[in-house]
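**Q** A structural model of the following input is requested.
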Amino acid sequence: MAIKNTTDPALSTPKSNTRTPQPLPRFMRESEVLQHLRVSKSTVWRLVAADKLKVLRISKRVTLFCSESIESYLADCKDGGAK
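**A** All right, here's what the predicted structure looks like:
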């Protein structure tokens, strides 16, 4: 009976290098948006003022950002439509 060599990389199945992005939560806090977009706080609030990012104000101090508007903004950027 032949012994199968499992340490030879040529015999092993190749691993996929494609990464599936994790879906965003429905709403995000400001700190999560800053990490996701990798922009400054003032840029995020400029996008809110320009109505490119939708927010839900829970209270005076708590604002949630709609992830659908973030994904839409990123798609516009990818297409070259956003500045």
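
**Q** what about the residue positioned nearest the centre of the chain, which helix or strand?
**A** Geometric centre of the chain, nearest residue: residue 36, 5.1 Å, by Cα atoms, centre = their mean. Assigned by DSSP states H and E, residue 36 falls within helix 30-37.

**Q** check what contacts the following helix or strand past that helix and list those residues.
**A** Where DSSP H and E defines the elements, the next helix or strand beyond helix 30-37 is helix 41-49. Contacts to helix 41-49, defined as Cβ atoms under 8 Å, 6 or more residues apart in numbering, come from residues 30, 33, 34, 37, 53, 55, 65, 73. Heads up, the C-betas are built off the backbone N, CA and C, glycines and all.

**Q** same thing but at 10 Å, please
**A** 30-31, 33-34, 37, 39-40, 52-55, 63, 65, 69-70, 73, 82 (Cβ atoms under 10 Å, 6 or more residues apart in numbering).

**Q** which ones are touching residue 66?
**A** Contacts of residue 66 by Cβ under 10 Å, 6+ apart are 24, 26, 27, 28, 53, 54, 55, 56, 72.

**Q** need those in JSON lines with pLDDT, secondary structure and neighbour count, can you?
**A** What follows is those, written out as JSON lines (pLDDT from 0 to 100; DSSP: H, G, I helix; E, B strand; the rest coil; neighbours: other Cβ atoms under 10 Å):
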{"residue": "24", "pLDDT": "69", "secondary structure": "coil", "neighbour count": "16"}
{"residue": "26", "pLDDT": "88", "secondary structure": "coil", "neighbour count": "10"}
{"residue": "27", "pLDDT": "92", "secondary structure": "strand", "neighbour count": "16"}
{"residue": "28", "pLDDT": "93", "secondary structure": "strand", "neighbour count": "18"}
{"residue": "53", "pLDDT": "95", "secondary structure": "coil", "neighbour count": "19"}
{"residue": "54", "pLDDT": "95", "secondary structure": "coil", "neighbour count": "17"}
{"residue": "55", "pLDDT": "95", "secondary structure": "strand", "neighbour count": "17"}
{"residue": "56", "pLDDT": "94", "secondary structure": "strand", "neighbour count": "11"}
{"residue": "72", "pLDDT": "91", "secondary structure": "helix", "neighbour count": "15"}
